[in-house]
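J.: sequence and predicted structure are below.
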Amino acid sequence: MNDTTATTIANKSNLERKTIRRERVRLVLRDKTFLIGALILGIWLFITVFGNFLAPHAAGDQDFQFVSKSPSLKFPFGTDSNGRDVFSRVILGTRLIVVMAFSATVLGTVLGTSLGLATGYFKGKFDMIVMRLIEAVSAIPVLIIALLAIAALDGRSPTLTVIVIGFVFTPNIGRTVRAAVLGESELEYVAAARLRTERTRHILFREILPNVLPPIIVEFTVRLGYAIFAIATLSFLGAGVEYGSPNWGSQIAENWGNIYSNVWWPTAFPALAIASLAVSINLISDSLLEIFEL
Amino acid sequence: MQKLIRTTQRLSQVALVLFFVTFLVTLLVRLLPGDIATSLLPFGTAEEQAQLRTELGLDTNIFVYYFDWLRNFLQGDLGVYYNAGESYADASMTVWAMLSLTIPRTLLIMVYTLGFSLLFSIPIGMLLAYKADTRIDKVISNTLFGLSSIPNFAVGLGLAYIIGVKFELLNPIGYVTWGEGSVEHIKSVIMPVLSLSLGLIATFARLLRADIISTLKEDFVTMASSKGLSNRWILWRHVFRPSSLSLLTAAALNMGSLIGGAVIIEAIFALNGVGMFLVTSIALRQYLAIQSTVALIAISYIVFNLIVDAFMPKIDPRIRSHHGA
């Protein structure tokens, strides 16, 4: 194979890639599952950005004339046992969990993708050792590692929690990407790029990466759902967020004991918020999974 | 011979994984801030506190500490569970004693959850595959999927309120052992098992549906039906068996997350399982309890997955031939 054929193969696959991508985008935008998920997620993202203007009360505002009052016109989601407006607290709690979940998943995806590219491409001893490390980390339940790491480093910093969750997600994402890369690196265009004496970095990031993007995108959305769940659980257990801050997990933790005296609203609304956010992300990932035919 | 080499290779890899996982936990535990000696012996003299640190091996480096722990662990000594104010000498609780209370509960709830989920997901998955791409399939698949996306603690809280408080059908708090009364035992696990199963039922049913659809397209199914075998025989023997692999793998993988992810469910229904035990141990800086429990969880997870791997070829003959090649 000479230089020109190598370039032709590269160009051809480039063109094919673009057509496939356009076709996929068209399918995604016509898929009902995706659109419903995107709509719900869109609403939450809007609340994340404009929450401060939407909430009628500040998170800490207390009105002792209205303690544990059921939902009414004045307080659409009722008030909690501290006389705080549940509606405002749910709205103001959105930002923390959404920003944390997104940053943690982005971090995990970037790290996992790099790891997957490296292990899948270089193989050999390096791959063997890294895979055993990955298996070791995956043998411990995610929440337990996260709890331990958060306790070990510093209990209440959201930034740290984001980093910990990002690292905890890395092995799983790495494994998915590695599997995809293993398949790709056998293909002709990689051999062609090697013949053109491209640098390894170019082959990894410009040639292989675009072709393994679909599984990475799906994995990202799946992990995003897990991140929401993980952050909610951690904050329910009092780890990773500041106590009393208006986040959904802490709100449930502070209020769920009251369901036994029939005060369900301060627990139900944050729980529904978490559920609807998780459902929207899962709808999106499910639709992508189907369309990418993974 | 080749099989022997492969098995040794696999086992040495597992040994490496086990080393990594236990060392990682040791590392994390040693990083935990706060001085355990002062938190366990708040009124102890400086001498007693120093003695406790020595007993725990905290004055040695991490490798010595690790191998000390490992030696004890392998001999079945999981360490001491420190009660506030006690010194090592008169410590009354061992980690093993604590675990022998919590492990059976967690295991039982895991087994019930898996059993219950499989009981429902297998017929649902087969029905969906049989009706693939019809209206019924779409409605059931989507509903199941929506339900499965709801975090299990939201389901748990909902059940606790509706069944436990509103209609007062079941007592939402506390775990009753089988010995204390079988009916009460079952009553006490209904809500936790339901909350944990809902998501699994949907996941399992969807996996099975997808696998059955692809198995139905295989030549050996056409072959079987052209031999005139009955539909039921084909469905169970030729279709269900090879299609249950993803289901089994998923079930095995979920054992681990059931321990960690069930923490909130354990908290809501006051079950006092392994998850909550770990959470309290972390909060109380019970070094040995954390280390030994996490090691046990990880080891059982790895061994369980090994067993599932070993059974795969028995279930699906196709795997046998792939490996033989």
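T.: Great, that's in hand.

J.: for chain A, which helix is longest?
T.: In chain A, assigned by DSSP state H, the helix with the most residues is helix A:86-122.

J.: pLDDT weak spots in the chain?
T.: If you meant another chain, say so; for now it's chain A. For chain A, the stretches with pLDDT under 70 are A:1-14, A:154-155, A:243-244, A:293-294.

J.: right idea, wrong chain: chain B
T.: B:34-36, B:38-43, B:83-92, B:256-257, B:259-261, B:316-325.

J.: can you list the domains in it?
T.: As given by automatic domain parsing, the domain ranges for chain B are B:1-91+B:285-325, B:99-284.

J.: now the first one, how far from the centre of its chain.
T.: Right, the one you point to is domain B:1-91+B:285-325. Here domain B:1-91+B:285-325 is found 17 Å from its chain centre; the criterion is Cα atoms, centre = their mean, to the nearest Å.

J.: also the longest one?
T.: On the basis of Cα atoms, centre = their mean, domain B:99-284 is displaced by 12 Å from the centre of the chain it belongs to.

J.: and the residue in the stretch 1-150 of chain A that chain B sits nearest to, how many neighbours?
T.: Nearest residue of the stretch 1-150 of chain A to chain B, counting by Cβ to the nearest Cβ: A:Pro141, 2.4 Å away. To be clear about C-beta, it is placed using only N, CA and C from the backbone, and glycine gets the same treatment. A count of nearby residues for A:Pro141, using other Cβ atoms under 10 Å in any protein chain shown, gives 25.

J.: now B:Asp219
T.: Around B:Asp219 there are 7 residues (other Cβ under 10 Å).

J.: close to chain A: what parts of the stretch 51-200 of chain B are there?
T.: B:142, B:145-146, B:148-151, B:153-154, B:157-158, B:160-161, B:164-165, B:172 (Cβ under 8 Å from any Cβ of the partner chain).

J.: among the residues you listed, which are in helices?
T.: B:142, B:145-146, B:148, B:153-154, B:157-158.

J.: in the stretch 101-250 of chain B, mark out all the helices, start to finish.
T.: B:135-148, B:152-159, B:182-216, B:219-226, B:231-233, B:241-243, B:245-261 (DSSP state H, counting those that start in this stretch).

J.: mind listing the strands for the chain?
T.: Picking chain A for this. Using DSSP state E, chain A contains no strands.

J.: hm, I was asking about chain B
T.: Along chain B, counting by DSSP E, strands occupy B:80-81, B:93-94.

J.: by contact count, what packs against the first one?
T.: Packed against strand B:80-81 by the contact rule (3 or more Cβ pairs under 8 Å, 6 or more residues apart in numbering or on different chains; DSSP states H and E) you find strand B:93-94, helix B:95-130, helix B:287-315.

J.: out of those, nearest to A:Trp256?
T.: Distance to A:Trp256, taken as Cβ to Cβ, is lowest for helix B:95-130 among the helices and strands packed on strand B:80-81, at 19.8 Å.

J.: I'd like to know which elements that closest one is packed against.
T.: Applying 3+ Cβ pairs under 8 Å, 6+ apart, we find helix B:95-130 packed against strand B:80-81, helix B:135-148, helix B:182-216, helix B:245-261, helix B:274-284, helix B:287-315.

J.: now for A:Tyr260, how many residues are close by?
T.: Every residue meeting other Cβ under 10 Å relative to A:Tyr260 is counted, giving 14.

J.: contact residues of the stretch 151-294 of chain A facing chain B?
T.: Residues of the stretch 151-294 of chain A lying near chain B (Cβ under 8 Å from any Cβ): A:151-154, A:225, A:228-229, A:232-233, A:236-237, A:252, A:256, A:259-260, A:262, A:264, A:267-268, A:271-272, A:274-275, A:278-279, A:281-283, A:286.

J.: buried among the residues you listed? Make that a PyMOL selection.
T.: Remark: buried members of these, expressed as a PyMOL selection using 16 or more other Cβ atoms under 10 Å in any protein chain shown:
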select buried, chain A and resi 151+152+153+225+228+229+232+233+236+237+252+256+259+264+267+268+271+272+274+275+278+279+281+282+283+286
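
J.: out of the residues of the stretch 151-294 of chain A next to chain B, which are inside helices?
T.: Those of those lying in helices (DSSP H): A:151-153, A:225, A:228-229, A:232-233, A:236, A:252, A:267-268, A:271-272, A:274-275, A:278-279, A:281-283, A:286.

J.: residues in contact with the nearest residue to A:Val212 once chain neighbours are set aside?
T.: Spatially, and ignoring its direct neighbours in sequence, A:Val212 is nearest to A:Ala180 (4.1 Å; Cβ to Cβ, 6 or more residues apart in numbering or on different chains). Contacts for A:Ala180 (Cβ atoms under 8 Å, 6 or more residues apart in numbering or on different chains) come out as A:116, A:120, A:212, A:215-216.

J.: which of the residues you listed ranks first by neighbour count?
T.: Ranking the contacts of A:Ala180 using other Cβ under 10 Å puts A:Gly116 first, with 28 neighbours.

J.: which residues does that residue contact?
T.: By Cβ under 8 Å, 6+ apart, the contact list for A:Gly116 reads A:173-181, A:212.

J.: all helices of the stretch 51-200 of chain A, in order?
T.: Chain-ordered helices for the stretch 51-200 of chain A, with DSSP H, counting those that start in this stretch as the definition, fall at A:86-122, A:124-138, A:142-153, A:158-184, A:188-195, A:200-202.

J.: so how far is chain B from the residue nearest to A:Val212?
T.: A:Ala180 sits 18 Å away from chain B, going by Cβ to the nearest Cβ, to the nearest Å.

J.: does the residue of the stretch 1-150 of chain A closest to chain B touch B:Ile297 like I think?
T.: Yes: using Cβ atoms under 8 Å, A:Pro141 is in contact with B:Ile297, at 6.8 Å.
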